[in-house]
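Asker: what's the 3D shape of this:
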Amino acid sequence: VIDPAGKRRIVGIFKGELIYRRSDISVALTAKKWRYQGRKVREAELSKPAKTVKARKKSEPKTFRALTSYGVSDTSEQKVDDESYVEDDGMDHIFGRWQTEEWSPEPVGPNDEIPVNEYKNIELALINPGLVHLEVRGIAKVAKKLGLPYAPCLLGFEGHGGNRTPTIRGIVVHEHNADLLRCAYTEWESQAVEQEHAQRRKAIYGRWKRLIAGMLTKERLDRQYGGEENK
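Answerer: Now for the predicted structure:
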């Protein structure tokens, strides 16, 4: 889209088409997508999109079901101011750079609840200062046992068109809980390995026991009935 101020800076005409400066041309994005660029649509501009385009059909994600809460406290839903202006008309409202300002997620304190989106997870690209992403398999179980609040982390989407599925890996916790959770996970993992080895040994001993019992039974039957058959 063309910056409104740039429309007054015409540099020429080619085959009847007006020519503008490249610097006056701006990428147009939806309010949400500007967030990923570290910018936010100004509130006064929300009702004045630079352009409207037909929205793509969105399918509901089927591979992830959000829980009502995680950890020991209810997570608060993250508020997105520039998404409050939405018209259900099948159109996407897009905005130019001149309609935006610099933006970053609000810091989260040690006693603050973990802010999540409508699907009860946190996008890694929009993670708040004061939170840490821990991408370790099974660490959510440890956080739950310790009673630490956490939320699943959305890394992005895979697939194309209407077949895109969310990629959920790891969890997000408060920064001051990260080291505690890492240490607890290491201890839990070692205990899990020992328990697995103990179960494996028990299973091996059980198989040997059954094998020996079977051999002794066969030997006893051969002594009792094998001699009579020979006679």
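
Asker: how about low-confidence regions in this protein?
Answerer: 57-89, 160-162, 227-231 (pLDDT under 70).

Asker: Can you show me the strands along it?
Answerer: Taking DSSP state E, the strands of the chain run over residues 10-14, 17-20, 29-30, 39-41, 51-54, 76-77, 91-95, 100-102, 115-116, 122-123, 131-134, 151-158, 165-174.

Asker: Between strand 151-158 and the last one, find me the angle.
Answerer: Strand 165-174 runs at 150 degrees relative to strand 151-158, counting by axes from the mean of the first three to the mean of the last three C-alpha atoms, to 10 degrees.

Asker: one step back: can you say which of the strands of the chain is nearest to Tyr185?
Answerer: Nearest to Tyr185 among the strands of the chain is strand 131-134 (8.2 Å), distances taken as C-beta to C-beta. C-beta here means a position set from N, CA and C on the backbone, and glycine is covered the same way.

Asker: Identify each buried residue in the closest one, please.
Answerer: Across strand 131-134, burial judged by 16 or more other C-beta atoms under 10 Å covers 131-132, 134.

Asker: and that strand, what other elements does it pack with?
Answerer: strand 165-174, helix 175-230 (3 or more C-beta pairs under 8 Å, 6 or more residues apart in numbering; DSSP states H and E).

Asker: In its sheet, which strands sit next to that strand, and in what direction?
Answerer: Sheet pairing here is set by DSSP bridges, and for strand 131-134 it gives strand 165-174 (antiparallel).

Asker: Touching the strand it pairs with from outside, list them.
Answerer: Residues external to strand 165-174 that are found in contact with it (C-beta atoms under 8 Å, 6 or more residues apart in numbering): 61-64, 70, 108, 110, 114, 119, 121-122, 127, 130-136, 139-140, 143, 148-159, 181.

Asker: do the same with stretch 195-208
Answerer: Residues contacting stretch 195-208 (C-beta under 8 Å, 6+ apart): none.

Asker: Please render the helices and strands packed on strand 131-134 as a markdown table that adds mean neighbour count to the earlier fields.
Answerer: As requested, the helices and strands packed on strand 131-134 are exported to a markdown table (neighbours: other C-beta atoms under 10 Å):
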| stretch | mean neighbour count |
| --- | --- |
| strand 165-174 | 20 |
| helix 175-230 | 11 |
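
Asker: now these in a markdown table, with distance to Ala5?
Answerer: Listed next are those as a markdown table, based on distance: least, C-beta to C-beta, whole Å:
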| stretch | distance to Ala5 |
| --- | --- |
| strand 165-174 | 40 |
| helix 175-230 | 42 |
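
Asker: So what's the residue count around the closest residue to Ile94 other than its chain neighbours?
Answerer: Nearest residue to Ile94, sequence neighbours excluded (C-beta to C-beta, 6 or more residues apart in numbering): Ala28, at 4.2 Å. Each residue near Ala28 was counted by other C-beta atoms under 10 Å, and the total is 20.

Asker: Which residues are in contact with Ala28?
Answerer: Contacts for Ala28 (C-beta under 8 Å, 6+ apart) come out as 1, 50-51, 94-96.

Asker: I'm done for today, thanks for sticking with me.
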